[in-house]
Structures are given as structure tokens and as C-alpha cells.
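# Sequence plus predicted model, see below.
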Amino acid sequence: MKTVNIHEAKTHLSRLVEDAARGEPFVIARAGKPLVKVTMIEGETPRRLGFLAGQADIPDYFDDMGTEEIRALFEGGNDPAA
């Protein structure tokens, strides 16, 4: 297992974390004395996509909502809120 000092860990943290996520743990040491071991987390990362599914109603015309107001803001003209 690889051992790195704190300075090296700070300098190369992204690469070291990538390696640990691929199953190559490493130890961070201070003055040659091991302090912590960094390993990947076992198990699957939970998915966040769709976490509110079924909890809100989206109208069929959602993509067209505010179209006239937005057009008026870009093209100028009458205040759509008036």
C-alpha cells in the first residue's frame, strides 16, 4: 500500500482519490508516522435522479409557461404583467 506525506497528499489529492476509488488505498503520514488510511467506500453510490418522482404535478403546458412574458422581455413592448 502506498504511503504519502501530507504535503504530497495535498498536492496530488485528486489523483490519489481517483486511485483509491479504483481500489488502490493509500496512507497519509506525518513525519513518516501513518495517520489515516484512505480507501474506497464499498457499495453503490445512491442515485439522486428522480428523488421527487410522484411528489409533484407538472402541467402538460410546462414548457410553454411564460412564453409571452419572456418574448416581451427580449423584444420589448408592452409590459406583460400590466
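Received it, and whenever you're ready, just let me know what you need.
# need the contact list for the nearest residue to Gly32 once chain neighbours are set aside.
Once flanking residues are discounted, Gly32 sits nearest to Asn5: 7.9 Å by C-beta to C-beta, 6 or more residues apart in numbering. No exception for glycine: its C-beta is placed from N, CA and C like everyone else's. By C-beta atoms under 8 Å, 6 or more residues apart in numbering, Asn5 lies in contact with 28-30, 32.
# So what does Asn5 look like in phi/psi?
When read as degrees, to the nearest 10, the backbone of Asn5 gives phi -80, psi 170.
# Please, which helix or strand holds the most centrally placed residue in the chain?
Residue closest to the average C-alpha location in the chain (C-alpha atoms, centre = their mean): Arg48, at 10.4 Å. Assigned by DSSP states H and E, Arg48 belongs to no helix or strand.
# got a pLDDT number for it?
Note for Arg48: predicted pLDDT of 78.
# Report the buried members of the contacts of Asn5.
Among those, those buried by neighbour count (16 or more other C-beta atoms under 10 Å) are 28-29.
# Give me the below-cutoff pLDDT ranges for this structure.
45-46, 77-82 (pLDDT under 70).
# ok, which stretches of it are strands?
Counting by DSSP state E, one finds strands in the chain at the ranges 2-5, 26-30, 33-38.
# Count the neighbours of Phe26 for me.
Neighbourhood size, Phe26 [other C-beta atoms under 10 Å]: 20.
# Relative to Asp19, how far out is it?
From Phe26 across to Asp19, the span is 7 Å (C-beta to C-beta, to the nearest Å).
# and what of Arg48?
25 Å.
# swap in Glu8?
Taken as C-beta to C-beta, the span from Glu8 to Asp19 is 13 Å.
# which residues of this protein fall in helices?
Assigned by DSSP state H, the helices in the chain fall at 6-11, 13-21, 67-75.
# related to what we said a few turns ago, intersection of neighbour lists for Phe26 and Asp19?
Joint contacts of Phe26 and Asp19 (C-beta under 8 Å, 6+ apart) are Lys2.
# sorry, back to before: among the contacts of Asn5, pick out the one closest to Arg15, please.
Comparing the contacts of Asn5 against Arg15 with C-beta to C-beta places Ile28 closest, at 13.7 Å.
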